[in-house]
Each structure stands twice: as structure tokens, then as C-alpha cells.
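Asker: Whatever this is, show me its structure:
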Amino acid sequence: MTAETGAEMNESASSVREVDVFGPVDGDSSRPDFQPAVATWSRTPDGQVGLELSGPFGVRSAVEPNLFKALMMVRAELQELKWQVVVNAARRDAWGPTEEHPCAVDQVRLFPDLTGPPTAEPVDALGPPTELGERGTLVTEQILWREEWSGQTQPGKMNWTEFDRSMREMSATRKQEAAEDAVPELAHSEPIFLVGPSPEDPTKQALQEGFAEWGRRAEGGVHLRVRAPGVQFDDHGADLLAALQNLRMESWRRRWEVLVNGSLRGAWHGTEQHPCGIAHVRFYPTLTDPPLPEQVDVLGTPPGDLRKAHWASVSQQTWWYHDWAGTTPPAWCQVKRKPRTEGQQPS
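Answerer: Numbering: from 1, shown residues only. Predicted structure coming up:
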């Protein structure tokens, strides 16, 4: 949508968009995941923008001069409830229309460099971010970034650079403490493929080789470690798939995806009806047929062309299994989702 069409949008018209949010599954803050929500916005009679965001957290709304500011108000509310909205307007370096850098009411400008101008073209405020990388989605970080870019940080107030330094120091301390915690012997190891930032050009994604190691924890479950060029991810879970799913939610934020059987759309944990080993999964290729009879190695590499495999986020895997089993959690039904025909990958 151009600035002209955005400005001339009919007051009675409304735009409805499905967006991703990240937060507690069924209210359990220890199990955050990406989930769908619906954003509806329209012009008010006095020229403002009214926004309504509905999702597993209920309904939140705001009326502000533009979509960016309305979304910021809603995001601030949701942030208190451990929810984040994963759209362009939530990027740390995003800001809405200003007199100096105008854009349409439903667009934002990106300011990737604290000492440089914004990017040449604005982007769709509700569009999915093409990259997050080190860019956070918290309102506090966004305001600090904007204040430092514009030279408006108040005397005595922490600016973005100082905040970022303190957070990195805290993160380093936590990582050191975690490293010192007892990690079980990782007796199992196998090579895997990942997609992540290219060593030659970090702005691009590339297929890379890595290793996955895992071992049983004394208190139950397994510990999983994935190593790739320049990075290492550690997590644990009740079984190897649970550990992988927890690890993938962290690796995704850092633009890495693990290309193993456990990352495919139809992969799921063993159940009472369809049991499997702690390092295996059952595979559900369709929504109407039983799972494949043989167990599948969680960390195995799928056969064939990896580019054509049905990779899925953890939330998509969860949707697929619950659709198959007819056990979709009631809270998820609050979100109106687009109809999907058999064989399609969940959106």
C-alpha cells in the first residue's frame, strides 16, 4: 500500500491480517511458542487508526494517530503478560511516520544504524520481519534505540548503547553459570545439516554442516547440544524431540534452523497409542491416516532434496498433531484461521 492509498483509505474499510505472536502456550509461561493472532485496523471518523489484536491472550485494542503507535500501545500491554508481536513494526530499529521521514499510516521506517539515515523504502508495519537477528521486539528497547538515534536521550538516563552493554554482560554471566552447571555425558553424536548466517556474508542464509550431541540427564529426560560454525545451542526436555523443540525456539531467534527429522511438519512425540523411543518420533504424513509404522530417528537427516522437505516451526508441528488427533486446545480456537485443505502445510 502506498502513502497515497494509505492516506485515502475509506473510513468504513478495515484491514484484517494474520500475524505471529510469541508467548505462553495454554498460559504456561515456561513453554512459550509462536502462535497465530489476528490484527484488524481501520480509520476512525476523526482520522485516527483503531487497532484490535485478538489471539490466545484475548483481545487488545488501541486508537492512535497511526498503526505503529497503536501497535506500540498494544505491545506494551502484552509485554507485561509475556507476549511479543512478531511484525516489522515491532523491530527494535523500526519507527512510524514522522515529518522528516514520512510513510503511509500502515508502514514503518527502519533505522538499522544508530548514526545513519533510515532505509530508502518503508516497509509494511504488520508484515513478517525478513530478519530479526540481534533485533529485539520489546517496546523498551525500541524506545531506547529511537532516543539515541534522534539524540533525545535525557541527561542521566541510560541510552541504548549502555543498555545493550549491560544486557550483554548479564547474558554472558548467565551463560557462564549455565556452563558451570552439571551437563550429563553426551554419549550420542551425529552429523547434521543446518541453515544459518553464511560465514562469507552474514546477511544471507546458507546450508552448513554441524553436529548434534545428546545424553540422558540424571533427573530424567535428555540434554541436547547442537554445534555449528561459530555457534552452540544447548537445551533439554522430557525426550529428544522436546529438547530439540526447545532448542529450535532459541536458534530461530538467532537465524538458525536445524534440518533433521524432528523439524519436519509431521514429527511428533510418542503417545500411549503410538509409543516410540526417547530418541525417536512418530511421523504423521497426513491429517487422516495413522502414523507411519516405523519409528524415525529425531536427529536423522530426511532423505531427498532438503529444500523440498516440509520443514515446520514448533507451533506448526503442534497445530498439525492436534489437528490430526482432534485435540486442538480451546484457547487456540479464539483465533480465526484460514481454511486449509488436506495436504497443505499449516500457515
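
Asker: Could you list the buried residues of the longest strand anywhere in the chain?
Answerer: In the chain, taking DSSP state E as the definition, the longest strand is strand 28-43. For strand 28-43, a neighbour-count test (16 or more other C-beta atoms under 10 Å) marks Pro32, Asp33, Phe34, Gln35, Pro36, Ala37, Val38, Ala39, Trp41, Ser42, Arg43 as buried. Every C-beta, even on glycine, is put in place using the N, C-alpha and C of the backbone.

Asker: and what of stretch 158-171?
Answerer: Quick answer for stretch 158-171 (16+ other C-beta under 10 Å): Asn159, Trp160, Phe163, Asp164.

Asker: Please apply the same query to stretch 223-234.
Answerer: Those would be His223, Leu224, Arg225, Val226, Arg227, Ala228, Val231, Phe233, Asp234, for stretch 223-234 by 16+ other C-beta under 10 Å.

Asker: now stretch 259-274
Answerer: 259-270, 274.

Asker: Looking at those, which one is closest to Leu240?
Answerer: Gly262 (7.2 Å; C-beta to C-beta).

Asker: could you measure that closest one against Ala242, distance?
Answerer: Distance check for Gly262 against Ala242: by C-beta to C-beta, to the nearest Å, it reads 10 Å.

Asker: rewinding a little: which ones among the buried residues of stretch 223-234 are found in strands?
Answerer: Among these, the residues falling in strands (DSSP E) are His223, Leu224, Arg225, Val226, Arg227, Ala228, Val231, Phe233, Asp234.

Asker: which one of these sits closest to Ala325?
Answerer: Nearest to Ala325 among those is Leu224, at 25.3 Å by C-beta to C-beta.

Asker: show me the contacts for the closest one.
Answerer: Counting by C-beta atoms under 8 Å, 6 or more residues apart in numbering, Leu224 makes contact with Ala212, Glu213, Trp214, Asp234, Asp235, His236, Gly237, Leu240, Ala243, Leu244, Leu247.

Asker: Max pairwise distance over the residues you listed: which two?
Answerer: Glu213 and Gly237 (14.7 Å).

Asker: re earlier: from the contacts of Leu224, which land in strands?
Answerer: When DSSP E defines the strands, the subset of the contacts of Leu224 inside them is Ala212, Glu213, Trp214, Asp234, Asp235, His236, Gly237.

Asker: In CSV: those residues, plus pLDDT and distance to Ala325.
Answerer: Shown next, in CSV, are the ones in strands among the contacts of Leu224 (pLDDT from 0 to 100; distance: C-beta to C-beta, whole Å):
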residue, pLDDT, distance to Ala325
Ala212, 96, 28
Glu213, 96, 32
Trp214, 95, 27
Asp234, 91, 31
Asp235, 90, 25
His236, 90, 25
Gly237, 91, 20
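
Asker: Now, of those, which are buried?
Answerer: Buried among the ones in strands among the contacts of Leu224 (16+ other C-beta under 10 Å): Ala212, Glu213, Trp214, Asp234, Asp235, His236, Gly237.

Asker: Show me what the second one is bridged to.
Answerer: Yep, that's Glu213 we're talking about. Beta-bridge pairing for Glu213 (DSSP bridges): Ser189, Arg225.

Asker: Go ahead and confirm it touches Ile192.
Answerer: No - with contacts counted by C-beta atoms under 8 Å, Glu213 stays clear of Ile192, the gap being 10.2 Å.

Asker: Which neighbours do the two have in common?
Answerer: Val226.

Asker: Please identify which of the buried residues of stretch 223-234 is nearest to Lys308.
Answerer: Ala228 (22.0 Å).

Asker: quick one on the thing from earlier: which helices and strands does the longest strand of the chain pack with?
Answerer: If contacts are counted by 3 or more C-beta pairs under 8 Å, 6 or more residues apart in numbering; DSSP states H and E, strand 28-43 sits against strand 14-25, strand 49-55, helix 67-80, helix 240-253, helix 314-325.

Asker: any idea how far the residue lying closest to Pro290 once chain neighbours are set aside lies from Thr288?
Answerer: Nearest in space to Pro290, with sequence neighbours left out and distances taken as C-beta to C-beta, 6 or more residues apart in numbering, is His274 at 7.6 Å. Relative to Thr288, His274 is positioned 15 Å away (C-beta to C-beta).

Asker: still on that earlier bit, reformat the buried residues of stretch 158-171 as JSON lines; add pLDDT, secondary structure and distance to Gly27.
Answerer: Formatted as JSON lines, the buried residues of stretch 158-171 follow (pLDDT from 0 to 100; DSSP: H, G, I helix; E, B strand; the rest coil; distance: C-beta to C-beta, whole Å):
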{"residue": "Asn159", "pLDDT": "87", "secondary structure": "coil", "distance to Gly27": "36"}
{"residue": "Trp160", "pLDDT": "88", "secondary structure": "helix", "distance to Gly27": "33"}
{"residue": "Phe163", "pLDDT": "86", "secondary structure": "helix", "distance to Gly27": "30"}
{"residue": "Asp164", "pLDDT": "84", "secondary structure": "helix", "distance to Gly27": "31"}
